[in-house]
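>>> Let's see this in three dimensions:
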Amino acid sequence: MEKFKTLINRDIRLEAGEKEAMRDKLVSFVRANPTQSPATPQAQSPLPFFTALPFALKLALSGLVLAVVGGGASVLAEHAVPGDALYGIKTSVNEPVQKLFVFGDKETGLYAVRMTERRLAEAEKLASSGALSEEVKDSLRAEILKNIENVHSSIVALRLNEDAAGAIELSTQLESSLRIHEQILSGIPSGTMATTGSLPLFDLISTMKKESSNASGVRAGVETSIVTSGSVKSKEVALQTLADVQGMLQDIKTSLPNLAESSEKTEQYLQIYVAKAQALILSGKENLARGEVATAFTELQQARTLLKEVSVLAESRNAVADTVITGVKEPTVTPAEPSAPAPATTTPALTSPEKPLPPAPTPDSSTPPPTGTLQ
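Below you'll find the predicted structure:
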């Protein structure tokens, strides 16, 4: 037992030979299970056939590799937070292995968004139990800021390479994630910090507010460049956005019914988000068919924001109380006029141009779930 404790507490890193061996196994697996290349050109990588795999599938494959190679310790480490015995495995083994599956500017940015979310989720879990110390907060904050900077670097690279679709996806994901996590942190009762004091939590909230505002400005700048780039380019990006949000919607509709640990109220709250996203996607498709590209793009962007926020809220259900999740406020801005280009607003609106949907419930409300949401 003492040997095991020594093993899991030391700074574990994969040797270069081990990384190469793992990569060889993955190459063999992918060659034995080929997939068709997508229509959208992908960034070049050392393993070209890997670019045909969606980012989410690559993360799933990395989890499979960790389960096989690392055993139960790697699986259990995914739920560890700073101070836990398995946290070193999570950050020094699991996450470097996951990064082996990342290729190109877009995936590098998506990976950085994912790492930002992981560090924020750890902070939320610690804060909810009153265990977020000043030292741990400083360490997590530094990691969060480093990953946010990596996301912004990827956005710049995508724009330089004229990958507008990738840039808007990445900037929207970062903004949505930071906005939701900032509200989750703000919703954690300060009384839970009685052990360590509330200053670490408040300091982190202040940082997230600033970074969320910065991310909003970046996303707005990308949107403006798209809607002023001409009808052909705008339509191309709108079509790619439509494909992206349809994939996100399908993934969420599959996963939501499996949230067994969520309360009925939380599930209803998330279903309302999904219902609004569905309405926006339908309206966006109709506007694309009519040639109203700017309006369609704005609506599809709104749908992407909602679906990303559903994903973040669903993942946070195990770290914070249901009342914190259902207390998150929806983004509200004025929607674009049908004939006008999409405005560079802070966060997309949530109303359909045809029929407004019911507002999301507050922690004390009892709004019933919308009908026909997850058929």
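
>>> Wait, Asp105 touches Ala157, no?
Yes: the pair Asp105 and Ala157 passes the contact test of CB atoms under 8 Å, sitting 4.2 Å apart. Where you see a C-beta, it was placed from the backbone N, CA and C, and this is true even at glycine.

>>> Check whether His79 sits in a helix, strand or coil.
Using DSSP: H, G, I helix; E, B strand; the rest coil, the structure places His79 in coil.

>>> What of Ser229?
coil.

>>> what's the burial count for it?
Applying other CB atoms under 10 Å, we find 14 other residues in the vicinity of Ser229.

>>> Please name the residues that touch the nearest residue to it once chain neighbours are set aside.
Closest residue to Ser229 apart from its sequence neighbours, by CB to CB, 6 or more residues apart in numbering: Ala164 at 6.9 Å. By CB atoms under 8 Å, 6 or more residues apart in numbering, the contact list for Ala164 reads 158, 222, 225-226, 229, 233, 237.

>>> what's the overlap in contacts for Asp105 and Ala157?
Common contacts of Asp105 and Ala157 (CB under 8 Å, 6+ apart): none found.

>>> low-scoring stretches of the chain, by residue?
Within the chain, the stretches with pLDDT under 70 are 1-72, 190-198, 257-263, 318-319, 321-323, 326-327, 330-375.

>>> let's see 80
Across the chain, residues meeting the criterion (pLDDT under 80) sit at 1-75, 101, 189-200, 229-232, 255-268, 316-375.

>>> any chance you could map the helices in it?
With DSSP state H as the criterion, the chain has helices at 2-9, 16-32, 55-69, 72-77, 87-89, 95-99, 104-128, 134-160, 164-187, 199-227, 231-255, 264-289, 293-315, 322-326.

>>> Render the CA-only coordinates of the fourth one in PDB, please.
Taking only C-alpha atoms (Å, rounded to 0.1, in the frame of the first residue of the first chain), the coordinates of helix 72-77 have been written out as PDB:
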ATOM      1  CA  GLY A  72      -8.300   2.200 -12.900                       C
ATOM      2  CA  ALA A  73      -6.100   4.800 -11.500                       C
ATOM      3  CA  SER A  74      -6.300   6.900 -14.700                       C
ATOM      4  CA  VAL A  75     -10.100   6.600 -14.800                       C
ATOM      5  CA  LEU A  76     -10.500   7.600 -11.200                       C
ATOM      6  CA  ALA A  77      -8.000  10.400 -11.600                       C
END
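
>>> So which other helices or strands are in contact with it?
The criterion is 3 or more CB pairs under 8 Å, 6 or more residues apart in numbering; DSSP states H and E, and the helices and strands that helix 72-77 contacts are helix 55-69, helix 87-89.

>>> buried sites along stretch 130-142?
Taking 16 or more other CB atoms under 10 Å as the neighbour-count basis, stretch 130-142 is seen to contain the buried residues 130-133, 136-137, 140-141.
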